[in-house]
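In: sharing a model prediction with you, sequence too.
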Amino acid sequence: MLIFAHRGASGYAPENTLKAMALALELGAEAVELDVHNVEGELVVFHDRRLEGKSNGKGLIHRHTLAELQKLSVRGEPIPTLWQVLELLNARCIVNIELKGIHTGEPMKALYHRAMAELGYSPEQLLISSFNHPELANFKVDVPEARVAPLLGSLPLDGAAIAGQMQAWSLHLDVSFISQAIVDQAHAMGVKVYVYTVDDGDDIRALAAMGVDGVFANYPDLARKALGEPSNCDYRHWFG
């Protein structure tokens with residue numbers, strides 16, 4: 001099972017910061033996940049659409065300038081650009097980039113190819129995901145070699161069909177909305193299933209028993225440890 005360090009090693013360090021990403025590598029993470037917004041044509045790494053709560057700033061992030069964001073912090077750590085994160089990671093792991101904000105697809109196209117040319121990333125190391133399925137589908141049309149992943153926050157009537165429609169590499173599901181049927185349907189189409197956000201050891205083992213291919217965890221080291229812990233419990237029916 002592939003363990004993604006969710007927003008970096010966010011259980012230990014401020015989420016979506018260079019510190020969280022560096023720590024994820026130190027903990028041996030094979031993959032990290034992060035969120036991006038478009039600010040003046042530059043992709044910046046931050047989760048919420050508003051700055052309150054996650055930083056010491058206020059207002060909608062995309063209405064700020066890059067210079068203004070440079071003066072803000074997330075629990076004392078700077079808000080990085082996506083390029084800064086990619087430079088730090090230096091093609092040493094898989095990077096799941098979630099297109100979170102509006103109009104993120106277009107700058108992602110240029111940066112995708114730049115990361116290949118200048119930093120040595122391969123298409124296998126960059127996974128582009130989003131809840132905005134039209135934006136993700138448009139990105140896939142323009143960058144057909146890219147691995148893309150639609151995000152789902154519910155269990156849809158048509159199951160994993162969206163993954164087939166956009167020739168997705170993986171389908172990303174909320175741990176609260178997972179079933180054996182959708183896992184099996186995705187696998188029948190050759191699509192991997194990754195589940196977010198999972199920090200409970202019993203949940204991780206249950207998902208592994210269902211055949212889930214990976215999970216997003218705030219504590220990637222503990223998630224990996226949970227998979228190595230023996231148990232006499234039958235987890236096959238943990239999720240209804």
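Out: Sure, I can see it. Not measured: the values here are computed from a predicted model.
In: can we go C-alpha only for contacts and neighbour counts from here?
Out: Fine.
In: any low-confidence regions in the chain?
Out: 229-238, 240 (pLDDT under 70).
In: in it, which spans are helices?
Out: Taking DSSP state H, the helices of the chain run over residues 18-26, 66-69, 82-89, 105-119, 133-142, 161-165, 180-188, 201-210, 220-227.
In: got the CA coordinates for the fifth one in CSV?
Out: In other words, helix 133-142. Backbone C-alpha positions of helix 133-142 (Å, rounded to 0.1, in the frame of the first residue of the first chain) are rendered in CSV as follows:
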residue,chain,number,x,y,z
HIS,A,133,-13.6,17.5,-12.6
PRO,A,134,-14.0,19.8,-15.7
GLU,A,135,-10.7,21.5,-14.9
LEU,A,136,-9.0,18.2,-14.4
ALA,A,137,-10.5,16.7,-17.6
ASN,A,138,-9.3,19.8,-19.6
PHE,A,139,-5.8,19.4,-18.1
LYS,A,140,-5.8,15.7,-19.2
VAL,A,141,-6.8,16.7,-22.8
ASP,A,142,-3.9,19.1,-23.0
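In: nearest the middle, which residue of this protein would you pick?
Out: Among the residues of the chain, the one closest to the centroid is E33, at 3.5 Å (C-alpha atoms, centre = their mean).
In: tell me if I'm right that that one and N96 touch.
Out: Yes. The pair E33 / N96 is scored as a contact, 4.6 Å apart, by C-alpha atoms under 8 Å.
In: could you give the number of residues near E26?
Out: Per other C-alpha atoms under 10 Å, the neighbour tally for E26 reads 11.
In: tell me the bridge partners for V193.
Out: For V193, the beta-bridge partners under DSSP bridges are L171.
In: ok, it - contacts?
Out: Counting by C-alpha atoms under 8 Å, 6 or more residues apart in numbering, V193 makes contact with S170, L171, H172, L173, V183, A186, H187, V212, D213, G214.
In: and V195, by the same measure?
Out: H172, L173, D174, V175, V212, G214, V215, F216.
In: rerun at 10 Å
Out: By C-alpha atoms under 10 Å, 6 or more residues apart in numbering, the residues touching V195 are 3-4, 151-152, 171-178, 204, 207, 212-217.
In: for A137, see how far away it is.
Out: 21 Å (C-alpha to C-alpha, to the nearest Å).
In: re earlier: which neighbours do E33 and N96 have in common?
Out: Jointly contacting E33 and N96 under the rule C-alpha under 10 Å, 6+ apart are F4, A5, H6, R7, L127, I128, S129.
In: longest strand in this protein, please.
Out: strand 31-39 (DSSP state E).
In: how far off helix 18-26 does that strand point, in degrees?
Out: 160 degrees (axes from the mean of the first three to the mean of the last three C-alpha atoms, to 10 degrees).
In: report the strands that pair with strand 31-39, each with its relative direction.
Out: Short version: by DSSP bridges, strand 31-39 pairs with strand 2-6 (parallel), strand 42-45 (antiparallel), strand 94-99 (parallel).
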